[in-house]
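In: here is a sequence together with a model predicted from it:
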Amino acid sequence: MQYISHYSSPIGDILLAADNIGLTGLWFEGQKYFALYLDKEHEEKEIPIFEKVKDWLDIYFSGKEPDFSVPLHFIGTEFQKEVWKILYSVPYGHTITYGEIAKRLAEKRGVLRMSAQAVGGAVGRNEISIIVPCHRVVGTNGSLTGYAGGIDKKIKLLTLEKADMKQFFIPKKGTAL
């Protein structure tokens, strides 16, 4: 059984979802793939994990890096879970490219290469935004593309983390617009 709760962030309302294992979802209201893997049968209920997640988000949105983690429960394919684990390891205020993620996956699997486009598909379906920081993924050329929450939120999150924004640009067209 999944449970839901709501959080009002400075950049938009957020829906949280969790089960007895951990946090299963954190979505900006109206984002692409909103609540994709949320159980049809779920209940709005304040369970203990939501208090911990909201404390984490309060610290994060105050401009500080939270110094604790919350239990996570990834729901997706094995490939997606591998990508999301790499995302989760990207440090606060830093970025990574789709190609770098593909390279890490290829090394882990002992193959020559992996598709950056396949990685992009998995990143885009990340169910636990912010905590699993898909906003930290950028194009190899510095393009701020591919954020399901929208380019404006991606910029605000990276700026909040004091990421070096000089080398990035907003694409003229793409999935983040």
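Out: Yep, that arrived. Numbers count the residues shown, from 1 in each chain.

In: from Gln80, how far off is Ala18?
Out: As defined by CB to CB, to the nearest Å, Ala18 lies at a distance of 18 Å from Gln80. Every residue, glycine included, has its C-beta placed from N, CA and C.

In: when those two are compared, which one has more neighbours?
Out: Set Ala18 next to Gln80 and count neighbours by other CB atoms under 10 Å: Ala18 wins out with 27 against 21.

In: surely that one meets Ile47?
Out: Yes. The pair formed by Ala18 and Ile47 meets the contact definition of CB atoms under 8 Å, at 6.3 Å.

In: mutual contacts of those two, please.
Out: Tyr3, Ser5 (CB atoms under 8 Å, 6 or more residues apart in numbering).

In: and the residue nearest the centre of the protein?
Out: Averaging the C-alpha coordinates of the chain gives a centre point, and the residue nearest to it by CA atoms, centre = their mean is Ser129 (3.0 Å).

In: pretty sure that residue contacts Tyr33?
Out: No. With the criterion set as CB under 8 Å, Ser129 and Tyr33 do not qualify as a contacting pair; they are 10.1 Å apart.

In: joint contacts of the two?
Out: Going by CB under 8 Å, 6+ apart, residues that sit against Ser129 and also against Tyr33 are Trp27, Ala148.

In: thanks a lot, see you next time.
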